[in-house]
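> Pasted the sequence and its predicted model underneath.
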Amino acid sequence: MILAVLFANSEGNILIERFNGVPAEERLHWRSFLVKLGADNLRGTKNEELLVACHKSVYIVYTVLGDVSIFAVGKDEYDELALAEVIFVITSAVKDICGKSPTERLFLDKYGRICLCLDEIVWKGYLENTDKDRIKRLVRLKPPTEF
């Protein structure tokens with residue numbers, strides 16, 4: 001299961017978070033842990049360079065895209081390889097929406113579409129859609145048969 005997908009800015013503020021199967025009392029711990037992990041390790045990394053960590057028997061794959069850090073946390077069948085695919089699909093969708101690697105301002109300007117894409121990619125803790133064209137069609141909020 002994909003336990004969490006988080007987006008944070010360079011100061012460590014959470015821009016978007018999606019938790020699945022994580023109790024409310026543990027979410028604060030995960031937020032602070034992931035932000036600290038990013039602050040310690042993402043400085044100086046290239047865009048879309050994947051980093052991997054393991055914490056409490058779960059896997060964490062994270063990267064930076066423009067001014068935004070992206071974290072994916074998973075357990076069981078979502079090991080580091082599966083989470084790398086999740087991150088790849090998410091970064092591709094964000095770049096398509098923003099037209100390039102996003103600044104924080106551009107990311108926030110496109111916040112609604114990014115949230116829609118994220119909901120189409122990860123649904124209830126599972127990777128739902130990986131095809132870029134299908135995600136674009138679903139985000140347009142029209143039935144897929146109209147195209």
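Yep, it's here. Numbering: from 1, shown residues only.
> Give me the below-cutoff pLDDT ranges for the chain.
141-147 (pLDDT under 70).
> Helices of that one, residue ranges please.
All helices of the chain, identified by DSSP state H, fall at 24-41, 80-98, 104-109, 111-121, 132-139.
> out of those helices, which comes closest to residue 59?
helix 80-98 (4.9 Å; CB to CB). Glycine gets a C-beta too; all of them are placed from N, C-alpha and C.
> what sits against residue 113?
97, 139 (CB atoms under 8 Å, 6 or more residues apart in numbering).
> Please tell me how far residue 78 sits from residue 9.
From residue 78 across to residue 9, the span is 25 Å (CB to CB, to the nearest Å).
> When those two are compared, which one has more neighbours?
residue 78 (22 against 16; other CB atoms under 10 Å).
> Thought residue 1 was touching that one, still the case?
Yes: shown here, residue 78 and residue 1 form a contact pair, counting by CB atoms under 8 Å, at 6.3 Å.
> ok so, going back, export the helices of the chain to CSV and tack on distance to residue 13?
Shown next, in CSV, are the helices of the chain (distance: least, CB to CB, whole Å):
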stretch, distance to residue 13
helix 24-41, 8
helix 80-98, 17
helix 104-109, 9
helix 111-121, 13
helix 132-139, 25
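> show me the contacts for residue 83.
2, 59, 60, 61, 72, 73, 74 are the contacts of residue 83 under CB under 8 Å, 6+ apart.
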